[in-house]
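*Asks:* here's my sequence, what's the structure:
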Amino acid sequence: MVRPVTIMPSLQYEIQGVLDDVVGTGAETGLQVAVHHRGALVADAVAGVADARSGRTVTSRTPFFSFSAGKVMTSLIAHLLVRNGVVGYDTPVADLWPEFGAHGKETATLRHVLTHSVGVPAMPRHIGPADLADRPRVCEAIAGAEPRWRPGTRTGYHSFTFGFLVGEIARRATGRPMHRLLREWVGVPLGLEDELYFAVPRTDLARLARLEDATPLTAGEPVGDAVLAPWEMRPSAALGNSETILMADIPSVGTFTARGVAAMNAAVLDGRLIGPDQLAELTTVAFEGTDQVFGNHVRMALGCPLGRVGAPPDEASTTFGWIGGGGSYVCADPATGLSFAMTKTRLTPHLDTARRLADIAAARIGPPV
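*Replies:* Residues are numbered from 1 along each chain as shown. This next block holds a predicted model:
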């Protein structure tokens, strides 16, 4: 599928200036930013190196492992399962996955999974990084876990468990793994099959950016995507550069180009992938309360938190998306038709670069028409 391109010179110039600045000052080493507006690519900027060891430069076609920013792809597959009639939002998970009903989880539904209210935010403690590529082992552990709260009564970030929950529901409903569904239902129809990945093929590994840590993690430090998982599973260059992790089907995380994932969300906004009723599920509060993991106030739609990065927690917003450990960011807003994505190599404990660039894109696109 040919994607329309209508570059906005002022937006392109301003974003490119920021990228050149943060790379020039050493705050970042390699980045991509892509912005779509009402289906057209209006900014496509890159800067820096994809691999500091070789000096290979970033291009628009360089895929980046972007940790939990990949959950936008996971959530979309869940909506496509519903669109295709193989499962409903209120289908009990145990109807498809009977073992998951243990310890009072029999009432958990896909809706609870998408609002992170199932009650199993923590990866079981005996599951470590070496186990993530072993889907049966991980799913058996999650199925046997006791919920921290009754499903649907509280919400808390399900960092790694979210992807395995959606993935096992999808596998049992369709007989296919998530990486195939992403390729067949999203990548191929949109012409993005080499820009969106769960389970990167070995032949494509050489194209990927190589991540680097801005600062080393300290054992026990509560940082990033996996706050309730073992310390070794928190976002780090070692985890994100691991060939085992990159090639495994782990739909809690994802690998993509900024241009590809922004194009995917543009297709969500304009109706090519889901209809208006399902788009409303992505922009309507389905659960609001205190996140039991991080302690902050959250407004969850089905599949994504609502609100742009850095905005006041009480700001009404139809923007949905995900932040990735290390500072990547993907979001979209049907009210303005904006789809934004930023990927980067340097894993920082802040979102300064993402916030700065997303604010520029929102300001240039302007308010809803």
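
*Asks:* how far away is residue 49 from residue 56?
*Replies:* 6 Å (Cβ to Cβ, to the nearest Å). Where C-beta positions appear, they are placed from N, C-alpha and C, glycine not excepted.

*Asks:* helices of the stretch 1-150 of the chain, start to end?
*Replies:* With helices called from DSSP state H, counting those that start in this stretch, the stretch 1-150 of the chain shows them at 9-24, 71-83, 93-96, 110-114, 135-143.

*Asks:* whichever strand in the chain runs longest vs helix 9-24, what angle?
*Replies:* Assignment by DSSP state E gives strand 40-51 as the longest strand of the chain. Relative orientation of strand 40-51 and helix 9-24, computed by axes from the mean of the first three to the mean of the last three Cα atoms, to 10 degrees: 10 degrees.

*Asks:* quick one: list the elements packing against strand 40-51.
*Replies:* Counting contacts by 3 or more Cβ pairs under 8 Å, 6 or more residues apart in numbering; DSSP states H and E, strand 40-51 packs against helix 9-24, strand 30-37, strand 56-57, helix 258-269.

*Asks:* how about 10 Å then?
*Replies:* Where contact means 3 or more Cβ pairs under 10 Å, 6 or more residues apart in numbering; DSSP states H and E, strand 40-51 is packed against helix 9-24, strand 30-37, strand 56-57, helix 258-269, strand 338-344, helix 352-365.

*Asks:* in its sheet, what does the fifth one sit against?
*Replies:* Each strand paired with strand 338-344, and its direction, by DSSP bridges: strand 30-37 (antiparallel), strand 328-333 (antiparallel).

*Asks:* residue 101: which of those is closest?
*Replies:* Nearest to residue 101 among the strands paired with strand 338-344 is strand 328-333; the distance by Cβ to Cβ comes to 32.8 Å.

*Asks:* that older thread, if you compare the helices of the stretch 1-150 of the chain, which one is most tucked away?
*Replies:* Sort those by mean neighbour count, taking mean count of other Cβ atoms under 10 Å, and helix 110-114 sits at the top with a mean of 25.

*Asks:* next one: it to chain centre, how far?
*Replies:* The chain centre lies 16 Å from the centre of helix 110-114; the measure is Cα atoms, centre = their mean, to the nearest Å.

*Asks:* now do stretch 168-188
*Replies:* Centroid separation for stretch 168-188 versus its chain: 16 Å, with Cα atoms, centre = their mean.
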